[in-house]
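A.B. asks: Attaching a predicted model along with its sequence, questions to come.
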Amino acid sequence: MGSFKIIDTTADIGIIAFGKNLEDLFVEAAKGCFYIMYREIGGEFNLNFEKEVKVEGIDLEELMVNWLNELIYLNEVEEIIPIEINIKLSKNEIFSLNGVLKTQKNLKLKKIIEIKAVTFHKMKIKKEKNIWKAFIIFDI
């Protein structure tokens, strides 16, 4: 049931991500982020490279911001464009996300929009009628 949609905001760009559970929500948010940057990422890929990711947050909103900012950082510094994303969320005293990004080594795609960061502005994660939603604004 996961998906996302692009929303209009002043001077920035945003998405509303949807998921049947929190893991699905975080994966869809990542897909939305990379859709903004690259538009379509399709075709056949040789998934010959994996990158482990771990982020933490005191609440779901901070975890989402840290997750997406880590993906933006990995894209900028290591040129990682995830094709497959597997994550696990847990909560002890804080929320943790452990994930594996699978991609094709040296995958080169034309970036359409440069995202600088994810913001806390209007960030909201909530569950409505058994569907998780996240409202996310990206600074471009």
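C.D. replies: Nice, thanks for sending it over. Numbering: from 1, shown residues only.
A.B. asks: Can you tell me the number of residues neighbouring residue 113?
C.D. replies: By other C-beta atoms under 10 Å, the residues close to residue 113 number 12. All C-beta atoms are positioned from the backbone trio N, CA, C, and that covers glycine.
A.B. asks: Can you classify it by secondary structure?
C.D. replies: Classification of residue 113 by DSSP: H, G, I helix; E, B strand; the rest coil places it in coil.
A.B. asks: And it, how close does it get to residue 34?
C.D. replies: The spacing between residue 113 and residue 34, counted by C-beta to C-beta, to the nearest Å, is 11 Å.
A.B. asks: Just give me the residue right at the centre of the chain.
C.D. replies: residue 30 (1.9 Å; C-alpha atoms, centre = their mean).
A.B. asks: Dihedrals phi and psi, that one?
C.D. replies: Here is the backbone geometry of residue 30 (degrees, to the nearest 10): phi -60, psi -40.
A.B. asks: my guess is it meets residue 70, correct?
C.D. replies: No. Counting by C-beta atoms under 8 Å, residue 30 sits too far from residue 70 to count as a contact (9.9 Å).
A.B. asks: List the strands paired with the strand with the most length in the chain, with their directions.
C.D. replies: Looking across the chain with DSSP state E, the single longest strand is strand 117-128. With DSSP bridges as the test, strand 117-128 is paired with strand 131-139 (antiparallel).
A.B. asks: quick check: mean pLDDT across the strand it pairs with?
C.D. replies: The pLDDT scores in strand 131-139 average 96.
A.B. asks: Same check on stretch 40-54?
C.D. replies: Mean pLDDT, computed over stretch 40-54, is 87.
A.B. asks: Likewise for stretch 107-124?
C.D. replies: Per-residue pLDDT values across stretch 107-124 average out to 91.
A.B. asks: export it as PDB, just CAs?
C.D. replies: Only the C-alpha atoms of stretch 107-124 are listed here, as PDB (Å, rounded to 0.1, in the frame of the first residue of the first chain):
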ATOM      1  CA  LEU A 107      25.300   3.900 -11.400                       C
ATOM      2  CA  LYS A 108      25.100   7.200 -13.200                       C
ATOM      3  CA  LEU A 109      21.800   9.000 -13.600                       C
ATOM      4  CA  LYS A 110      21.100  12.600 -14.400                       C
ATOM      5  CA  LYS A 111      20.000  14.500 -11.300                       C
ATOM      6  CA  ILE A 112      17.000  16.800 -12.000                       C
ATOM      7  CA  ILE A 113      16.700  18.600  -8.700                       C
ATOM      8  CA  GLU A 114      19.300  19.000  -6.000                       C
ATOM      9  CA  ILE A 115      17.900  18.500  -2.500                       C
ATOM     10  CA  LYS A 116      20.000  20.200   0.200                       C
ATOM     11  CA  ALA A 117      18.300  18.700   3.200                       C
ATOM     12  CA  VAL A 118      15.100  17.600   4.800                       C
ATOM     13  CA  THR A 119      13.600  20.100   7.200                       C
ATOM     14  CA  PHE A 120      11.500  19.800  10.400                       C
ATOM     15  CA  HIS A 121       9.200  22.500   8.900                       C
ATOM     16  CA  LYS A 122       5.600  21.000   9.000                       C
ATOM     17  CA  MET A 123       7.100  17.500   9.500                       C
ATOM     18  CA  LYS A 124       4.300  15.300  10.800                       C
END
